[in-house]
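**Student:** sequence plus predicted model, see below.
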Amino acid sequence: MRPGARRAPLAGGALLLALALAGCSDSGSDSDPGSGGGSGPKLSVGGAYMPQPLAADMAAGFLTVTNKGGTDDTLTGVSSALAEKVTLHETVDRSMREVREFPVPAGGRLRLASGGSHLMFEGVRRKPEQGEKVPVELTFEKSGTLTVRLPVKSATYQPRER
């Protein structure tokens, strides 16, 4: 038997197995079993930014998640190579507290804005400069992970209301 003669059938079998498994995976379709066949979440992110941090080891991030789908979703986590940890915070009665998740209602939006709910970057590894774009991964209960880039704006930046 010539060298490698047995490898071709094994490689072909591995390819068929991979294709079969791919056919069984969730393709991210719009239907959601719990929604009675309606459309699932359809998320988009806009208005994202990070004010240039004043502190060397902390920063904040703001954005709006819009859900044009027929099913609620939930923001359950955030990560970024910029920081050791990124947490979700809400501000209630001028007091900030960490929360585990934020709902994103069907046909609605989650707004993270200065003075309210926001992303808190803790243990910032290096201070980002104005004009830079910081990659951030947002993890949702149903929609999986979305990667967004937060442009670093001046520390006094105020977005226009829409």
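**Tutor:** All right, it came through fine.

**Student:** and the contacts of stretch 49-62?
**Tutor:** Under the contact criterion Cβ atoms under 8 Å, 6 or more residues apart in numbering, stretch 49-62 has outside partners 47-48, 63, 82-83, 86, 112-114, 118-124, 127-130, 134, 136, 150-157, 159. Using the backbone N, CA and C atoms, a C-beta is placed for each residue, glycine as well.

**Student:** what residues of it count as buried?
**Tutor:** Neighbour counts over stretch 49-62 (16 or more other Cβ atoms under 10 Å) mark 49, 50, 51, 52, 53, 59, 60, 61, 62 as buried.

**Student:** surely the first one is within a helix?
**Tutor:** In this case it means residue 49. No: Residue 49 is assigned strand when assessed by DSSP: H, G, I helix; E, B strand; the rest coil, not a helix.

**Student:** that one and residue 110, how far apart?
**Tutor:** According to Cβ to Cβ, to the nearest Å, residue 49 stands 15 Å off from residue 110.

**Student:** ok, now the second one?
**Tutor:** With the distance defined as Cβ to Cβ, residue 50 ends up 17 Å from residue 110.

**Student:** also residue 44?
**Tutor:** According to Cβ to Cβ, residue 44 and residue 110 sit 11 Å apart.

**Student:** list the contacts for residue 120?
**Tutor:** 58, 59, 60, 61, 86, 87, 88, 89, 98.

**Student:** show the pLDDT at it.
**Tutor:** Looking at residue 120, its pLDDT is 97.

**Student:** next, the buried residues of stretch 137-151.
**Tutor:** Counting neighbours by 16+ other Cβ under 10 Å, the buried set in stretch 137-151 is 138, 140, 142, 143, 148, 150.

**Student:** farthest-separated two in these?
**Tutor:** Across those, the longest distance by Cβ to Cβ is 22.9 Å; it joins 142 and 150.

**Student:** direction included, what does the helix or strand containing residue 45 pair up with?
**Tutor:** Assessed by DSSP states H and E, residue 45 sits inside strand 43-51. Looking at strand 43-51 with DSSP bridges, its partner strands are strand 58-67 (antiparallel), strand 144-153 (parallel).

**Student:** residue ranges with poor pLDDT in this structure?
**Tutor:** The chain contains residues with pLDDT under 70 at 1-38, 161-162.

**Student:** what sits against the spatially most central residue of it?
**Tutor:** Geometric centre of the chain, nearest residue: residue 138, 1.4 Å, by Cα atoms, centre = their mean. Neighbouring residues of residue 138 by Cβ under 8 Å, 6+ apart: 45, 65, 75, 77, 78, 145, 146, 147, 148.
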